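# following is a predicted model, sequence given first.
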Amino acid sequence: FQVKSENRKTIWNTEEVPEGSEFDDTWDPREQPEYQILFKQSVGTEDVFFGMSRKDPSTACCEDMVIKIKLPETKYSDITLDIQDKVLDLRTPKKKLLLHLPYRVDSKNGKARFLSEEETLEVTLRVSRKFDFINF
């Protein structure tokens with residue numbers, strides 16, 4: 001059995017380390033906030049009334065992922081948010097959320113807004129999908 005490696009001193013390959021593991025602090029005492037993941041899709045009359053497209057209500061036909069995170073007693077200025085292709089990392093003085101996303105997203109073009117009345121951060125991310133018979 002022979003291991004192929006560019007450098008014999010390395011213990012693992014960078015491809016073997018899951019994305020987002022650099023944020024995983026198991027020692028961090030902050031609690032995880034409540035959150036929910038919702039999916040959004042753009043539909044027109046041809047979809048709703050005529051069924052002309054191949055879209056259905058499943059997540060496979062959704063363009064956007066919306067993550068709603070409850071952050072009671074938090075100011076917008078206290079929120080640190082980092083988004084990668086498959087990971088959302090949120091930190092506040094009292095809460096911490098490391099979320100491995102169910103789909104790959106466009107990490108460069110997302111939107112976040114803080115609804116202060118509801119004490120909720122709403123993050124909208126575009127799902128990155130390969131083109132197929134549904135998403136064209």
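On my side now, so go ahead. Just so it is clear, the model here is predicted, and its values are computed rather than measured.
# can you show me the helices along this structure?
45-48 (DSSP state H).
# which residues of it score low on pLDDT?
Along the chain, the parts satisfying pLDDT under 70 run over 1-26, 42-61, 130-136.
# mind listing the strands for it?
35-40, 64-70, 80-83, 87-91, 96-100, 111-115, 120-126 (DSSP state E).
# mind giving me the packing neighbours of the third one?
Based on contacts counted as 3 or more CB pairs under 8 Å, 6 or more residues apart in numbering; DSSP states H and E, the elements that strand 80-83 packs against are strand 87-91, strand 120-126. From N, CA and C alone the C-beta is placed, and that goes for glycine too.
# list the strands paired with that strand, with their directions.
strand 87-91 (antiparallel) (DSSP bridges).
# flag every buried residue along the partner strand.
87-91 (16 or more other CB atoms under 10 Å).
# and among the strands of the chain, the most buried is which?
strand 87-91 (a mean of 21; mean count of other CB atoms under 10 Å).
# next, the angle from that strand to strand 35-40.
Between strand 87-91 and strand 35-40, the angle comes out at 140 degrees (axes from the mean of the first three to the mean of the last three CA atoms, to 10 degrees).
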